[in-house]
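structure, please.
(one chain, ligands or ions: 1)
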Amino acid sequence: MQDIQRQIEDLKKQIRYHDYQYYCLDNPTISDFEYDNLFKKLQLLEKQNPQFITKDSPTQRVSGVPSSTFNRVKHIVPMLSLDNSYSTEDILLWHERVKKNIDMQIEFIVEPKIDGLSASLIYKNNSFVTGATRGDGEYGEDVTENLKTIKNIPLKLLSDTIFETFEVRGEVYINKKDFQNLNDTLIDGSVAKFANPRNAAAGSLRQKNPQITAERKLSFLVHSFGQTTNLQIEKHSQFIKLCSKLGFSIQKDIKVCKSIDEVINFLNYLQNNRDNLPYEIDGAVVKINDYKLQKIIGYTNKSPKWAIAYKFPARQATTKLLSIKLQVGRTGVITPVANLQPVQLSGVTISNATLHNFDEIERLNVNTGDDVVIERAGEVIPKIIKVAQKNTEGIFLPPMFCPSCNSKIFKEDDDVYYNCINPSCPAQFKRMLIHFVSRDAMNIDGFGEVVVEQLLKTNKLKTFADIYKLTFDDIVILDLFKEKKANNLIKAIVKSKENPLSKLIYALGIRHIGEKSANILAEKFKNIDNLIKASYDELVSTNEVGPILAQSIIDFFTNQQTLKMIEELKVLGINTTEPEKDTSFSPLENKTFVLTGELKTLTRKEAENQISALGGKATSSVSKKTNYVVVGENPGSKYQKALNLGIKTLTEQEFKKLLNIN
Ligand code: IVH
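Below is the predicted model of the structure:
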């Protein structure tokens, strides 16, 4: 080995050691300054001698280029899921089942169940080569470049023993504090906030640009393994210790238990101390420690029978209801929102909760000044569960006038919602603008709530058409904007002019018109003029357009201001036509699908779009005419109905195979 190469290897070794001390053990042994010097030295030597750069060098963490898709990778050993339990009784029943197969004392290991997403890391000859998400358990997405940016994932195992193949599995997650910071940085409204740390971790790991993942402060904790060679250990507790030696972070609150009573005590301990952990946990996992016993107990095709997840109940807190704010939505619906005395709930300060509608206020019998119990089940916005102590006598009455424009409030007798029906209500207009520019509508990147609010203040936005009249000078003066950001926003506005008619129809915010009906209308009428001219009869004869939708469209386009604004949009160059669909490939022609349960690798909308792209139709209820029912996790009654009617059911994998999606 040449001298320079030896020097590079030595520097890499030192840096790996210090990374481990800092990121895994939280115990740095050198100053940041000394560390930076080592790093710079390595960078320089590699720059001067690029032939010695290896993929597992600490300088190569953020080296991938942005990609448009992730490749699909097959998990050689499937990545299974865990059975859930919700009570001590469930754990005891699981123990009874386990005991049926084993006639000896059993050792358990209990670990916190981290609320993140599962990932697999494959090391070949000790170097990290491929990393993937769990996906559907059989196939995942190749997110190697993004995983490499996670600082506590070793790019090379800290071991002199060579492992030909070593596949570690664990959870990618974001610490509570980093989650809060991340959401705080998203407050300029250009990117939607994440609802919970799990979503933040998943969204960050699945970034197309590894640079962004690198900025997100993700972490990884080991919980299991896949394909491995040379693993000469007998127990999971030994595997965890080995991983720690190899350079991985492991959980601190893990306990080997000799009896089920000890297991239950530790589960209670974790439940009571979950707020002290730096990351969010949604339960704990009980595993049989001994691998030989695990093998005897075996698996179902979904999960190991030798392990069970114990899910914690949703966290609750009691606080005072200070006031009830009234929010006006884009369609004029008035929603009551609880303004609470700030209270800590699972490490987050809560000061708002949703109250849904005025019927809910009546049902809860809640009023300003009462002490209320709030609950958070995964989501950031909590809800009020009940009144803990009634401090008031009066009842909170629905408003008679709009809190924004003071117009008279209107309510249909058989409806729970109160509406402001003033078409020029400023609060509604603000919400309409936010909707118009949002991702699923005109998709103007960088145009969020805060930008809308500021532009409204400068009086630059009076109609949707005004968005397309904005100039660089109008934007660059806004808070948090500089030249580059202003240019990007202008580019995004211009790009949105090319959207198909379906997006524009949805963006206009016509009452009752969701994305699906917007697609159907665009498909049938082809351009906005045909839609404006359409008669009631023509509209109701359209698939899935009923009398309410038809009337709503007619009402919308009778407004002269609206028609004027649409003419203006045309003059400003906004596309108002729907491109012809390529109908040559319609393998699902006339096939109807119903989706039930949660799909792991696709959102509902993505699945529905894929179905319609191939000529099929996604409907909401199962009948004899349904061709396929796609069954995700925790399916609803539609699954049972499909079985009763003998309709073909598809797992997520089968569905994707049928549609030929990777
Ligand atoms: S063991 C065969 N241990 O929970 C499954 N999983 O709900 C082996 N999880 O897919 C996984 N913390 O992503 C295991 N300490 C832990 C875990 C854990 C979180 C996740 C994992 C799994 C999911 C199942």
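
partners of the longest strand seen in the chain, with directions?
When the chain is scanned for its longest strand (criterion: DSSP state E), the result is strand 315-328. If you go by DSSP bridges, strand 315-328 pairs up with strand 334-345 (antiparallel), strand 371-376 (antiparallel).

for E538, which of those strands is the nearest?
Checking the strands paired with strand 315-328 against E538 by C-beta to C-beta gives strand 334-345 as the closest, at 33.8 Å. C-betas here are computed from N, CA, C, even on glycine.

want to throw the strands paired with strand 315-328 into TSV with distance to the ligand?
Shown next, in TSV, are the strands paired with strand 315-328 (distance: least, C-beta to the nearest ligand atom, whole Å):
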stretch	distance to the ligand
strand 334-345	22
strand 371-376	19
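
among the ones you listed, show me which one is buried the most.
Comparing the strands paired with strand 315-328 by mean neighbour count (mean count of other C-beta atoms under 10 Å), strand 371-376 ranks first with a mean of 19.

stretch 293-313 near the ligand anywhere?
Yes - Stretch 293-313 comes into contact with the ligand (C-beta under 6 Å from any ligand atom), by way of P304, A309.

just the CA trace of that stretch, in CSV.
Extracted C-alpha coordinates of stretch 293-313, given in CSV (Å, rounded to 0.1, in the frame of the first residue of the first chain):
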residue,chain,number,x,y,z
LEU,A,293,-36.9,-21.0,20.5
GLN,A,294,-37.9,-18.4,17.9
LYS,A,295,-37.4,-21.0,15.2
ILE,A,296,-39.6,-23.5,17.1
ILE,A,297,-42.4,-21.0,17.6
GLY,A,298,-42.1,-19.8,13.9
TYR,A,299,-44.1,-17.4,11.8
THR,A,300,-47.4,-16.6,10.2
ASN,A,301,-47.0,-15.3,6.6
LYS,A,302,-47.3,-11.7,8.0
SER,A,303,-45.4,-11.7,11.3
PRO,A,304,-43.3,-13.8,13.7
LYS,A,305,-45.2,-15.6,16.3
TRP,A,306,-42.2,-15.2,18.6
ALA,A,307,-42.8,-11.5,19.0
ILE,A,308,-45.6,-9.2,19.8
ALA,A,309,-46.1,-5.4,19.7
TYR,A,310,-47.7,-3.8,22.8
LYS,A,311,-49.4,-0.6,21.7
PHE,A,312,-49.7,2.2,24.3
PRO,A,313,-53.0,3.9,24.7
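
please list the residues of the stretch 201-350 of the chain that sit near the ligand.
Proximity of the stretch 201-350 of the chain to the ligand, by C-beta under 6 Å from any ligand atom, involves residues H223, S224, V285, P304, A309.

which ones among the residues you listed lie within strands?
Reading strands off these with DSSP E, I get H223, S224, V285, A309.

my guess is the second one contacts G170, does it?
It refers to S224. Yes - counting by C-beta atoms under 8 Å, S224 touches G170, with 7.3 Å between them.

just give the number of residues close to E138.
When neighbours are defined as other C-beta atoms under 10 Å, E138 has 15 of them.

for T601, see how far away it is.
E138 is 10 Å from T601, where distance means C-beta to C-beta, to the nearest Å.

same question for D371.
Applying C-beta to C-beta, the value for D371 to T601 is 43 Å.

which residues touch the longest strand of the chain?
Applying C-beta atoms under 8 Å, 6 or more residues apart in numbering, the contact partners of strand 315-328 are 334-346, 350, 355, 361, 366-376, 384-385, 388, 396, 399, 402-404, 420, 425, 427-428, 431.

got it, and stretch 546-565?
423, 463-465, 508, 510-513, 517, 521, 531-532, 534, 536, 539-540, 545.

got the buried residues for it?
Across stretch 546-565, burial judged by 16 or more other C-beta atoms under 10 Å covers L549, A550, S552, I553, F556, F557, T562, M565.

now do the end-to-end distance for that stretch.
By C-alpha to C-alpha, to the nearest Å, the extent of stretch 546-565 from end to end equals 26 Å.

average pLDDT for it?
Averaging pLDDT along stretch 546-565 yields 93.

which neighbours do S224 and G170 share?
Common neighbours of S224 and G170 (C-beta under 8 Å, 6+ apart) do not exist.

need the ones in strands among the residues of the stretch 201-350 of the chain next to the ligand in TSV (columns: distance to F194).
Formatted as TSV, these follow (distance: C-beta to C-beta, whole Å):
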residue	distance to F194
H223	23
S224	26
V285	24
A309	23
